[in-house]
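Chemist: All I have is the shape, not the residue letters:
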């Protein structure tokens, strides 16, 4: 199975993270659900009820998440789609795995305040500054929509050179989606003020912040859809043949990103509503818990340490109140995206692009394939033979699935080799150079044999 090595880390992450969160149902050093409690509070009936509710929530969540692993098995023939699904699945899992914990954490925090189960020094967190800042929140500029609009114009202009109606519609559909998202952006910017509290400042702060969050989302989604249109246009113009199943799976996966983004912003707004509305504009009594957002994110401007021990899980976490902590947190996310997007794009291209071998008149053999182009002179060829099997070995730098192997490999008895082969379509052309083997074949057996005949004829000249 192509994606077996993708399923294994997903299952390991699933088991590890669920066990980590389930472990939080038991107190450790008087900390339960990310909340520090006195010894007598841990025996309270309301806390026991929360523990029971917590286990039930994660049992349901674990079952639902387990179902989301099934597409890995359905995508066995589509490595690039399986790889992209893995990235989406990991992002969604890492985000949603915290939601049941956050819910119980807030309930435990409310119980702690209600019963005054404070530990250590008690202090008051003032929120008037936060409210004042949120009231100043402004909508993201509508000019950001110019970016997806310009991206949509590119395939429109290029399509005038092509008579295919489907290609022409790609850019227009993207531009239409940008207009629709702009209309939604405008509608959300004019939504009526909701009442969350008797304090009008709280209501204004939540509404301004909510409009700000939503106004950022819509142009980002418009740009995402425009990029998808460009990718679809390039696939169509290159004549790549995708099955109906591949198209449907691709559309579903692409749709998950906007849905996930909307879900993320919705939860962010809801969390803001809960955190501000319950205070009614008054100060919040707390102890050291005040430095832990949702019981897991450390934010302490009075602590200059960049790394601190985690409250939940193992290892350390960053202090988000420090510049170094922010660089590590957000820099890590940017770095991950910078690696993931090119890798996913290359995997998709590998699935739908085959290596092409051409022989020039002057005896130069060129193999054209993204990132692994290679050429050599026929005068440097020591031997050319046709083999029915590939020797075992390992990949040193390239792509390998159960369907194909392309790039640099180290093979048994042959050593350093460059492979451009369809694994399940023998025979294979073995070309021996001074210190390297080049192995090539076509998916069609007849084409491979014809190419072998041409190569041996050119070598004998």
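Modeler: Perfect, thanks for sending it. In this text, all values refer to a predicted model and were calculated from it rather than measured experimentally.

Chemist: Surely residue 421 is in a helix?
Modeler: No - Residue 421 sits outside any helix when classified using DSSP: H, G, I helix; E, B strand; the rest coil, being strand.

Chemist: check contacts around it.
Modeler: When contacts are counted by C-beta atoms under 8 Å, 6 or more residues apart in numbering, residue 421 touches 390, 404-406, 428, 439-441. Just so you know, the C-beta spots here come from the backbone N, C-alpha and C atoms, and that holds for glycine as well.

Chemist: From residue 313, how far off is residue 320?
Modeler: Separation of residue 320 from residue 313 (C-beta to C-beta, to the nearest Å) stands at 16 Å.

Chemist: Pick out whichever of the two has more residues nearby.
Modeler: residue 320 (17 against 14; other C-beta atoms under 10 Å).

Chemist: The more buried one contacts residue 294, correct?
Modeler: No - distance between residue 320 and residue 294: 11.7 Å, which falls outside the contact criterion (C-beta atoms under 8 Å).

Chemist: which secondary structure elements does whichever helix in the chain runs longest contact?
Modeler: Taking DSSP state H as the criterion, the chain has its longest helix at helix 200-237. Contacts of helix 200-237 with other secondary structure elements, assessed using 3 or more C-beta pairs under 8 Å, 6 or more residues apart in numbering; DSSP states H and E, are made with helix 128-135, helix 146-159, helix 165-189, helix 244-277.

Chemist: by how many degrees do the second one and helix 165-189 diverge?
Modeler: Direction vectors for helix 146-159 and helix 165-189, defined by axes from the mean of the first three to the mean of the last three C-alpha atoms, to 10 degrees, enclose an angle of 170 degrees.

Chemist: between helix 146-159 and helix 200-237, how big is the angle?
Modeler: 20 degrees.

Chemist: Point out the other helices and strands that helix 146-159 packs with.
Modeler: Short answer (3+ C-beta pairs under 8 Å, 6+ apart): helix 146-159 packs on helix 165-189, helix 200-237.

Chemist: which parts of stretch 64-72 are buried?
Modeler: By neighbour count on 16 or more other C-beta atoms under 10 Å, the buried set for stretch 64-72 is 65, 68, 71-72.

Chemist: Now do the same contact list for the closest residue to residue 34 other than its chain neighbours.
Modeler: Spatial nearest neighbour of residue 34, excluding adjacent residues (C-beta to C-beta, 6 or more residues apart in numbering): residue 295 at 1.7 Å. Contacts here follow C-beta under 8 Å, 6+ apart; on that basis residue 295 touches 33-35, 101-102, 105, 109, 289, 311-312.

Chemist: Okay, and which of the residues you listed map to strands?
Modeler: For the contacts of residue 295, the ones inside strands are residue 35, with DSSP state E as the criterion.

Chemist: I'd like the contacts of residue 295 written out as JSON lines, with neighbour count and pLDDT added.
Modeler: As requested, the contacts of residue 295 are exported to JSON lines (neighbours: other C-beta atoms under 10 Å; pLDDT from 0 to 100):
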{"residue": "33", "neighbour count": "26", "pLDDT": "92"}
{"residue": "34", "neighbour count": "23", "pLDDT": "90"}
{"residue": "35", "neighbour count": "27", "pLDDT": "90"}
{"residue": "101", "neighbour count": "23", "pLDDT": "94"}
{"residue": "102", "neighbour count": "18", "pLDDT": "91"}
{"residue": "105", "neighbour count": "25", "pLDDT": "92"}
{"residue": "109", "neighbour count": "22", "pLDDT": "89"}
{"residue": "289", "neighbour count": "22", "pLDDT": "82"}
{"residue": "311", "neighbour count": "22", "pLDDT": "87"}
{"residue": "312", "neighbour count": "20", "pLDDT": "84"}
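
Chemist: Below-threshold pLDDT in the chain: ranges please.
Modeler: Low-confidence regions of the chain, defined by pLDDT under 70, span residues 1-5, 76-77, 125-129, 161-168, 196-198, 234-254, 277-283, 345, 348-352, 460-461.

Chemist: now the helices: where do they sit in it?
Modeler: Listed in chain order (using DSSP H), the helices of the chain are 4-22, 45-67, 71-74, 79-96, 99-115, 128-135, 146-159, 165-189, 200-237, 244-277, 323-352, 445-460.

Chemist: Ok, which of the ones you listed comes nearest residue 307?
Modeler: Closest of those to residue 307 is helix 323-352, at 7.9 Å (criterion: C-beta to C-beta).

Chemist: What is that closest one packed up against?
Modeler: If you count contacts as 3+ C-beta pairs under 8 Å, 6+ apart, helix 323-352 packs onto helix 79-96, strand 316-318, strand 393-400.

Chemist: Might one say that residue 385 is in contact with residue 427?
Modeler: No - with contact defined as C-beta under 8 Å, residue 385 does not reach residue 427; the gap is 9.5 Å.

Chemist: neighbour count winner among those two?
Modeler: residue 427 (15 against 12).

Chemist: winner for burial among the helices and strands packed on helix 146-159?
Modeler: Among the helices and strands packed on helix 146-159, the stretch with the highest mean neighbour count (mean count of other C-beta atoms under 10 Å) is helix 200-237, at a mean of 20.

Chemist: what is the orientation angle of that helix with helix 128-135?
Modeler: Using the same axes, to 10 degrees, helix 200-237 lies at 50 degrees relative to helix 128-135.

Chemist: about what we covered before: now render the contacts of residue 295 as TSV, adding distance to residue 377.
Modeler: As requested, the contacts of residue 295 are exported to TSV (distance: C-beta to C-beta, whole Å):
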residue	distance to residue 377
33	69
34	66
35	72
101	63
102	64
105	67
109	73
289	71
311	64
312	62
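
Chemist: out of the contacts of residue 295, who's nearest residue 41?
Modeler: Residue 41 has its nearest neighbour among those in residue 35, at 9.3 Å by C-beta to C-beta.

Chemist: show me what contacts the closest residue in space to residue 392 that isn't next to it in sequence?
Modeler: Nearest in space to residue 392, with sequence neighbours left out and distances taken as C-beta to C-beta, 6+ apart, is residue 412 at 5.0 Å. The contact partners of residue 412, by C-beta under 8 Å, 6+ apart, come to 391-393.
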